[in-house]
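A.B. asks: Give me a 3D structure for the following:
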Amino acid sequence: MAERKTVIIALLTLLCSVSFAQEMQDIFDRKTNIKWLGLDFSAAKFIGDRERLGSTSDVQHLIVAWNDLMIKEKEKYDVGAAIDKIKVEEAIEVTKEHNANLDVTEIFSNDVKDHFRLKPDDIIAIAADYDFKGQSGIGVMFIVESFSKLNEEAAVWITFINLGNKDVFFSERLTQKPGGFGMRNFWGGAIYGIMKNMQKKEFEMWRKKYYRK
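C.D. replies: Model prediction:
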């Protein structure tokens, strides 16, 4: 009986491994429908520039505005082009709801070291804390580590997630200098730059790193 249970567990483990590997391959298939989850600020730090950021209410509005910007100007912030997909489905409400419950008083910092704070385990924990509202398939989320005026760049973890069980397929940290008029466009410019770099080279580099025939 014990041997039978061991065999069953081994088979289930193997099936899970095969399933995970197949879904990982699907990330790099242009025909796969990926769900766009938006910008997450669960562990973000805004470093420096405290006066220009305004009140905590102003920051809450900015967090909403950055996600809205990517929807309103979707031709510019083209997620599909950034991840080489024919179709991307918007599922941004789960992230907007999650962000709305954050304590933004913890988001301000004057320490440049906060720009290099997150580790892969932190990204896994952020994904695990989400309620994806029963959605399935593969989602991509941009987890903001910092918008740092002191470091003069944004740091964002591009994260692919199994929405059914919240497993992280992989997450890669990218950085970019900001640029634009007003706080929304200033850091929105950094997100745009990150996406253009993904389109030009980063996603293809990830394909070579993670894809297995």
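A.B. asks: Break down the protein into its helices, ranges please.
C.D. replies: Along the chain, the stretches classed as helices by DSSP state H are 2-26, 50-53, 56-72, 79-82, 93-100, 120-128, 182-197, 203-210.
A.B. asks: export those helices to CSV and tack on mean neighbour count?
C.D. replies: In short, each C-beta sits where N, CA and C put it, glycine included. Output for these, formatted as CSV (neighbours: other Cβ atoms under 10 Å):
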stretch, mean neighbour count
helix 2-26, 11
helix 50-53, 12
helix 56-72, 17
helix 79-82, 19
helix 93-100, 17
helix 120-128, 17
helix 182-197, 19
helix 203-210, 13
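A.B. asks: For Val88, give its distance to Thr175.
C.D. replies: Distance, Val88 to Thr175, by Cβ to Cβ, to the nearest Å: 23 Å.
A.B. asks: ok, back up a step: can you tell me which of the helices of the chain is nearest to Val168?
C.D. replies: Nearest to Val168 among the helices of the chain is helix 120-128 (5.2 Å), distances taken as Cβ to Cβ.
A.B. asks: Show me what the closest one is packed against.
C.D. replies: The elements that helix 120-128 packs onto, with contact taken as 3 or more Cβ pairs under 8 Å, 6 or more residues apart in numbering; DSSP states H and E, are strand 138-148, strand 153-162, strand 168-176.
A.B. asks: Those: which one's closest to Ile126?
C.D. replies: Comparing the helices and strands packed on helix 120-128 by Cβ to Cβ, strand 138-148 comes nearest, at 5.9 Å.
A.B. asks: Centre of the chain to the closest one, how far?
C.D. replies: 3 Å (Cα atoms, centre = their mean, to the nearest Å).
A.B. asks: One more: stretch 200-208?
C.D. replies: 16 Å.
A.B. asks: cool, stretch 200-213 as well?
C.D. replies: With Cα atoms, centre = their mean as the basis, stretch 200-213 stands 17 Å off its chain's centre.
A.B. asks: where does the chain have low pLDDT?
C.D. replies: Within the chain, the segments meeting pLDDT under 70 span 1-21, 213.
A.B. asks: tell me the centre residue of it?
C.D. replies: In the chain, the residue lying closest to the centroid (Cα atoms, centre = their mean) is Phe142, at 2.1 Å.
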